[in-house]
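# Let's see this in three dimensions:
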Amino acid sequence: MSGVPTSQGALQSYVDKWLAVQPQQRVALAFVDPAKYPGHVALAAFEQELLAAAYGIREPQVAIGKLNWWAEELSGAAASGGRHPLTQALFADERAQAIPSERWLAPVLAAMEQLEQGTAADFAAQIAAAEPLHGGLAALETAWWFGTGAATERAARLATLTHLLHALRRLQDDASRDRLPLPMARLARYGLSRGQLAQSGEARDQAIQAQLADLCDAWREAERQPGPLSVFRGLEASVAGRLARRAARADDPLARLQQGAPATGFGLAMTAWRQARQWRRLVG
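Model (predicted):
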């Protein structure tokens, strides 16, 4: 991505990592000018860094070490301005000072706590386990974009559901992990062992479709909750929700999930434009 105003090439590398994971956000940047809103982009890149530490590091002690570093960094950033390129970009903006320190730290602490979690008992327990991290990030983002008084319920729940959908897409890759993308009740209902998750079969397809049905129901409920969405969150949730609905109707739901959604196109641009229009109307 071009246009992020920084003399630090390191900052650009973190933004590029975020866009590699969420390529559709390149469309959103047409409506959120990085030259005018560098902190908005830096916050999205910070979220990706935290999620990479929480989920992308196989060795728990290495993950704890990285998350501890972020906790220390954010604890002192208001006074020092930070050491990390993302922290420096964020705390150069007065918005960062207006957000309480506990809101900055909440998702980092939640990421540490969930490293010890195993597979959830049921779908409700999955939401409860994932929301401290993903809802905490959404609450931080909402405060940045709309102020600390803005309601966060809708953003928090949609962020959590988007994560659960992404975890389901990685079902085969994560079948050997302690925390599985399908809850224990779902595995028992369809007679699935851990080993069977990596192999296609009727029982696995039925379990995935049942998980998708719960996700789609929860998505509709989340959309009725209060609170605004950032342009990035709104676009991500819209794309993910549409993918969940299409996969739920597919004969091979996992293949449809893994096919993903297009990163460009008129529909994507229109969604980003609508999200940007709502954001500008709310912030004046």
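
# need the helices for the stretch 101-250 of the chain, in chain order.
Applying DSSP state H, counting those that start in this stretch to the stretch 101-250 of the chain gives helices spanning 101-114, 123-146, 153-169, 184-189, 202-223, 231-248.

# by how many degrees do the third one and helix 231-248 diverge?
Same thing as helix 153-169. Counting by axes from the mean of the first three to the mean of the last three C-alpha atoms, to 10 degrees, helix 153-169 lies at 50 degrees to helix 231-248.

# right, and the helix or strand after the lowest-mean-pLDDT helix or strand in the chain?
Sorted by mean pLDDT, DSSP states H and E, the helices and strands of the chain end with helix 9-21, the least confident at a mean of 91. Remark: after helix 9-21, the chain's next helix or strand is helix 25-28, criterion DSSP states H and E.

# Using CSV, list the CA coordinates for that next one.
Extracted C-alpha coordinates of helix 25-28, given in CSV (Å, rounded to 0.1, in the frame of the first residue of the first chain):
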residue,chain,number,x,y,z
GLN,A,25,-9.2,-3.4,3.2
ARG,A,26,-7.2,-1.9,0.3
VAL,A,27,-10.6,-1.0,-1.0
ALA,A,28,-11.5,0.7,2.3
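
# what about it, distance to the chain center?
Its chain's C-alpha centre and that of helix 25-28 lie 15 Å apart, by C-alpha atoms, centre = their mean, to the nearest Å.

# Report the separation between residue 190 and residue 216.
Per C-beta to C-beta, to the nearest Å, residue 190 is found 18 Å from residue 216. Quick note: C-beta positions are derived from backbone N, CA and C, even for glycine.

# scratch that, residue 97
According to C-beta to C-beta, residue 97 stands 40 Å off from residue 216.

# What is the burial count for the nearest residue to residue 21 once chain neighbours are set aside?
Leaving aside its sequence neighbours, residue 21 sits nearest to residue 48 (C-beta to C-beta, 6 or more residues apart in numbering; 5.9 Å). Number of residues near residue 48 (other C-beta atoms under 10 Å) recorded here: 21.

# Around residue 217, how many other residues sit close by?
What residue 217 shows, counting by other C-beta under 10 Å, is a neighbour count of 11.

# got a list of what the residue sitting furthest away from the middle of the chain touches?
For the chain, the C-alpha lying farthest from the average C-alpha position belongs to residue 191; by C-alpha atoms, centre = their mean, that distance is 30.3 Å. By C-beta atoms under 8 Å, 6 or more residues apart in numbering, the contact list for residue 191 reads residue 203.

# Please tell me how far it sits from residue 234.
Relative to residue 234, and taking C-beta to C-beta, residue 191 is found at 39 Å.

# again, but for residue 29
14 Å.

# Next: residue 208.
To residue 234, residue 208 is 26 Å away according to C-beta to C-beta.

# coming back round to it: and the residue nearest to residue 21, what element?
According to DSSP H and E, residue 48 maps onto helix 38-55.

# how about low-confidence regions in this structure?
Under the criterion pLDDT under 70, the flagged ranges of the chain are 1-8.
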